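> I would like the atomic coordinates for the input below:
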Amino acid sequence: FKEGKAQTAEPTHETKREVAPSHNVKHKAPSKPEGGSSEPFQVKKGKKLLSLITTPIKSPKATPKPRVRHTPKAVARAKASPKPTRKARQVPKKRVKAAVRKKTSVTRKASRSTQKRSMRTYYSAQVGAFKRLANAKREVRNLKRRGFQGWIKPPTKRVHFYLVLVGKEKSAAKRASIVRRLRKAGYKTVLLKTFHERR
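Numbers count the residues shown, from 1 in each chain. Below is the predicted model:
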């Protein structure tokens, strides 16, 4: 009977040996964390992941820009010196030139009128017109020899000659007598209106 038991026991050991590899493949439990908690590391890791997913991500707060304080001096300067507008810059040159011409013409007319008021009008007899001053002076000397009081009128913008004139008469009778005398002496004369300063 003992032998029979021994025979039957051997196959059991063999079966155990065959099954042993399946029992040996066991998952090792993870080591306990330092905190002493009995929960495995995998569960804690899962909780951390869940907490990261569920918690909302806070956006960083925008830092406010520093305010620039304007001093009263800077504000006063900005008000005192305004920039010229484009319309003021783009002033047509033709209008400016026309306005300047009008002003100059008005001033010239006014100056001429004042000159005429301060001057007296006379009538003189013209004897000759010369381009050179030396020739005009020579003619004056010839007139003096014949008894006539001659004088020279300088050239102007309109008349570019030295005019030799005789007499500065205001009355019509006196100027008529001068013309008669000059014509008798052989001079061709023309009456001209001349202006002289009042004394």
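> helix, strand, or coil at residue 148?
coil (DSSP: H, G, I helix; E, B strand; the rest coil).
> please look at it and residue 182 and confirm they touch.
Yes. The pair residue 148 and residue 182 passes the contact test of Cβ atoms under 8 Å, sitting 6.9 Å apart. Using the backbone N, CA and C atoms, a C-beta is placed for each residue, glycine as well.
> anything in contact with each of those two?
residue 166 (Cβ atoms under 8 Å, 6 or more residues apart in numbering).
> direction included, what does the longest strand along the chain pair up with?
Across the chain, the longest stretch assigned as strand under DSSP state E is strand 119-130. The strands beside strand 119-130 in its sheet (DSSP bridges) come out as strand 162-169 (antiparallel), strand 190-197 (antiparallel).
> buried residues in it, which are they?
Residues 122, 123, 124, 125, 126, 127, 128, 129, 130 are the ones in strand 119-130 that count as buried (16 or more other Cβ atoms under 10 Å).
> now stretch 178-192
For stretch 178-192, by 16+ other Cβ under 10 Å, it's 178, 179, 181, 182, 187, 189, 191.
> same question for stretch 143-154.
143, 148, 150, 153.
> outside of the longest strand of the chain, which residues touch it?
136, 139, 143, 150, 159, 161-170, 175, 178-179, 182, 187, 189-198.
> same question, stretch 152-162
129-133, 135-137, 140, 163-165, 194.
> same deal with stretch 172-180?
123, 124, 125, 166, 167, 169, 189, 191.
> follow-up on the earlier one: so which of the buried residues of stretch 178-192 sit within strands?
residue 191.
> low-confidence stretches in this structure?
Applying pLDDT under 70 to the chain flags residues 1-118, 196-199.
> switch to 90 and redo it
Across the chain, the ranges flagged by pLDDT under 90 are 1-123, 156-159, 168-177, 188-199.
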